[in-house]
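Enquirer: One predicted model, sequence on top.
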Amino acid sequence: MSLISVSEIREHVETGIADTALDNLIKVAEQEIVHKCGATLTQTDEIPVYIGQYNKWLWLTRPADSITTVIETVGVSDTTLAADDYRLYHQSQLKRLDSGTNSRSYWGDRVKVTYVPRNDITRRRGALIRLVQLMVNFTGNRSESSGDFSCTSLDYESEKNKILSSLQRVGYFS
């Protein structure tokens, strides 16, 4: 299901494009967002722990509202950790606890964390609207002139990347 409907896009983007074509642009924009920023409802990070690094801390790629599963690999052995084996700090940092069900002083060789990312639907909807506006208004011409009128278009990829980068968190507390 889309984050935004065709009729909602039409409130922000003036265009004569047919509904089905506009819906396709919405889907493309949503795919761009997911590709750059991850899925909306669930995220899985596979985190290698570097040999010789005795790490008590791991950092998630996105802030988490809750942790679903943590699977730690030591050698070839996988262990699904209990909730008392780690603690989440500042929505992004996982600390390995040496007092839990599967206690260890440091993280194993690899850790796979599945979690519910912090809700950023409002920010994604805003970026989605801006991406669709960019797609609708993009002409493919670098510059255009007619009589006394002249204009230079923005670079599509650069503008798209600016919009997508606006969804990236600035720091662990953003």
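Expert: Structure received. Here the structure is a predicted model, which is why all the values come from computation and not from measurement.
Enquirer: ok, which stretches of the chain are strands?
Expert: Counting by DSSP state E, the chain has these strands, from start to end: 43-48, 57-59, 64-74, 77-80, 86-89, 93-96, 110-117, 143-146, 149-152.
Enquirer: what's the most buried one of these?
Expert: strand 93-96 (a mean of 20; mean count of other CB atoms under 10 Å). C-beta: built from backbone N, CA, C; applies to glycine.
Enquirer: on that earlier part again, and the strands of the chain: which comes nearest residue 123?
Expert: When the strands of the chain are ranked by proximity to residue 123, the top entry is strand 110-117, at 11.7 Å, counting by CB to CB.
Enquirer: so how far is residue 123 from residue 162?
Expert: Here the distance between residue 162 and residue 123 works out to 14 Å (CB to CB, to the nearest Å).
Enquirer: that older thread, now the strands of the chain in a markdown table, with distance to residue 102 and mean pLDDT?
Expert: Formatted as a markdown table, the entries for those read as follows, by distance: least, CB to CB, whole Å; pLDDT from 0 to 100:
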| stretch | distance to residue 102 | mean pLDDT |
| --- | --- | --- |
| strand 43-48 | 17 | 91 |
| strand 57-59 | 15 | 92 |
| strand 64-74 | 8 | 96 |
| strand 77-80 | 5 | 96 |
| strand 86-89 | 10 | 96 |
| strand 93-96 | 10 | 94 |
| strand 110-117 | 12 | 95 |
| strand 143-146 | 62 | 65 |
| strand 149-152 | 60 | 66 |
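Enquirer: Can you lay out the ones you listed as a markdown table showing distance to residue 27?
Expert: Written out in a markdown table, the entries for the strands of the chain read as follows (distance: least, CB to CB, whole Å):
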| stretch | distance to residue 27 |
| --- | --- |
| strand 43-48 | 21 |
| strand 57-59 | 32 |
| strand 64-74 | 26 |
| strand 77-80 | 35 |
| strand 86-89 | 33 |
| strand 93-96 | 34 |
| strand 110-117 | 21 |
| strand 143-146 | 29 |
| strand 149-152 | 29 |
